[in-house]
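Student: my questions are about this predicted structure, shown below with the sequence.
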Amino acid sequence: MSIKSICIYGAGALGGAIAAKLASQAGNDATISVVARGAHLDAIRDNGLSVREADAERPLNVRLTATDDPSTLPPQDLVITGLKGHQLPPAAEGIAGLLKEGTRVVMILNGIPWWYFHRDTHSRHAELQFDELDPGGRLWRLMGPERVIGCVAYQGAEVINPGEIQLANNGRFVLGEPSGEMSPDLEAIAAVLTGAGLSIATTPDIRGEIWSKLMGNAAFNPISALTKALMTDIMADPALSATVGKVMNEVRAVGEALGARFGMTVEQRLEQSRHIGAVRTSMLQDLIGGKALEITPLVGMVVALGRLSAVPTPVSETILALVTQLDRENQRGS
Ligand SMILES: NC(=O)C1=CN([C@@H]2O[C@H](COP(=O)(O)OP(=O)(O)OC[C@H]3O[C@@H](n4cnc5c(N)ncnc54)[C@H](OP(=O)(O)O)[C@@H]3O)[C@@H](O)[C@H]2O)C=CC1
Ligand SMILES: CC(C)(CO)C(=O)C(=O)O
């Protein structure tokens, strides 16, 4: 595929960081645009989009086309979504309007994505859809799972002020086709992102990557929201880190029942988590910002897929009940 136009839909912490890097790349001849909203969009229009790398003294600042109305943009060669899982269905029509023949959509997501079972040959559930991830199958119908390139991010990032993004580390993004093919499109997209200075890997097993990452997010994100603790604080507390270990074991059991292959053990994942640093998880960032929490893909789906596979998930079920109530209260503004 030839990539001459790229739209980042949802230029928040990760999407914004990718947009800024792509736009700042001297040799990049693709047109870069972003879909953003609210005060963040106003700041990007007025002052440009700024990204501060973990170890940089001065932020990168770029000017680019920014809008909250995707219908003002032409069809794109590549769309990259940086939306939370629950923000995708309401954006389905906006994303669909950016598509033309051959457009691929990289979806940066934590947790189980709406397209998970598309071309899944390792479980008995190929093409199964989940109403809780994609109500009424709108993403499936309007966008189509065949356009998706999955993306698992090991990059910590936060919008610290409107228009300003802070990176926590120099993390990696892992890209993969749902079919597992190492396709020419996958290689072309990886090359453009690598050329922009991002750390990109490609995999024939994106579901394995999703599950390995989910071991952490199913535990740390809701526990951090419930306790307001940083990653380091959770790992330093014996009772909390033991709870993390229990959730990780549940996630692993559910994933394995669905034929997923894990790249690491629970012990290795726990050890990896010790090195992430004093990071506020994305769910804690949303709680503090009074925003809806990304619960279903990270926690709800562990429970739902556990039921589908007859794997008990008692700790995740308890955490799901607690964090769902927390989300309700937070949305009411209490
Ligand atoms: N941040 C991190 O450290 C990490 C995040 N992830 C995952 O990556 C994904 C993206 O997360 P993250 O970058 O943190 O997300 P953010 O919340 O920072 O960014 C999402 C952005 O999209 C905007 N948005 C939502 N809906 C629309 C819309 N319809 N039109 C225009 N803009 C819209 C949001 O605006 P508003 O704020 O107004 O809602 C926000 O600015 C998630 O699945 C997350 O779990 C993975 C690894 C690390
Ligand atoms: C905590 C972190 C950075 C890594 O597990 C993450 O994925 C998130 O904040 O959602």
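Tutor: Sure, I can see it. Numbering: from 1, shown residues only. Ligands and ions are numbered 1, 2, ... in the order given.
Student: residue 222 and residue 300 touch, don't they?
Tutor: No: with contacts counted by C-beta atoms under 8 Å, residue 222 stays clear of residue 300, the gap being 10.3 Å. C-betas here are computed from N, CA, C, even on glycine.
Student: neighbour-wise, which of these two wins?
Tutor: Taking other C-beta atoms under 10 Å, residue 222 and residue 300 do not tie; residue 222 has more neighbours (28 against 23).
Student: distance check, that one against ligand 2.
Tutor: Applying C-beta to the nearest ligand atom, to the nearest Å, the value for residue 222 to ligand 2 is 11 Å.
Student: so for that residue, what's the nearest residue that isn't a sequence neighbour?
Tutor: Here the nearest residue to residue 222 in space, its sequence neighbours aside, is residue 323; by C-beta to C-beta, 6 or more residues apart in numbering that works out to 4.1 Å.
Student: residue contacts, the residue of the chain found nearest ligand 1?
Tutor: Per C-beta to the nearest ligand atom, residue 12 is where the chain lies closest to ligand 1, at 1.7 Å. By C-beta atoms under 8 Å, 6 or more residues apart in numbering, the contact list for residue 12 reads 36, 40, 82, 83, 159, 165.
Student: next, see if the strand or helix carrying the residue nearest to residue 222 gets close to ligand 2.
Tutor: Using DSSP states H and E, residue 323 sits in helix 314-332. No: Helix 314-332 does not reach ligand 2 (C-beta under 6 Å from any ligand atom); its nearest approach is 13.6 Å.
Student: from the stretch 51-200 of the chain, which residue is nearest to ligand 2?
Tutor: Nearest residue of the stretch 51-200 of the chain to ligand 2, counting by C-beta to the nearest ligand atom: residue 156, 3.7 Å away.
Student: quick check: buried residues in stretch 62-75?
Tutor: Buried residues in stretch 62-75, defined by neighbour count with 16 or more other C-beta atoms under 10 Å: 62, 64, 66, 67, 70, 73.
Student: secondary structure class for the third one?
Tutor: Translated: residue 66. Assigned with DSSP: H, G, I helix; E, B strand; the rest coil, residue 66 falls in the strand class.
Student: what's around residue 207, how many residues?
Tutor: If you count neighbours by other C-beta under 10 Å, residue 207 ends up with 25.
Student: element containing it?
Tutor: Using DSSP H and E, the element containing residue 207 is helix 206-227.
Student: is the helix holding residue 323 in proximity to ligand 1?
Tutor: No: against ligand 1, helix 314-332 shows no contacts by C-beta under 6 Å from any ligand atom, the least distance being 12.7 Å.
Student: show me the two of the buried residues of stretch 62-75 that sit farthest apart.
Tutor: For the buried residues of stretch 62-75, the maximum inter-member distance is 19.7 Å, found between 62 and 70 (C-beta to C-beta).
Student: so how far does stretch 69-82 reach from one end to the other?
Tutor: 16 Å (C-alpha to C-alpha, to the nearest Å).
Student: repeat that for stretch 279-292.
Tutor: With C-alpha to C-alpha as the measure, stretch 279-292 spans 19 Å from end to end.
Student: list the buried ones in that stretch?
Tutor: Under the neighbour-count criterion of 16+ other C-beta under 10 Å, stretch 279-292 has 279, 280, 281, 282, 283, 284, 285, 286, 287, 291 buried.
Student: again with stretch 2-19
Tutor: Under the neighbour-count criterion of 16+ other C-beta under 10 Å, stretch 2-19 has 3, 5-19 buried.
Student: quick one: which of the residues you listed sit in helices?
Tutor: 13, 14, 15, 16, 17, 18, 19 (DSSP state H).
Student: pLDDT added to those, as TSV?
Tutor: Formatted as TSV, these follow (pLDDT from 0 to 100):
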residue	pLDDT
13	96
14	97
15	98
16	98
17	97
18	97
19	97
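Student: tell me the pLDDT of the spatially most central residue of the chain.
Tutor: Centrality entry for the chain: nearest residue to the mean C-alpha point is residue 109, 2.1 Å, by C-alpha atoms, centre = their mean. For residue 109, the model assigns a pLDDT of 98.
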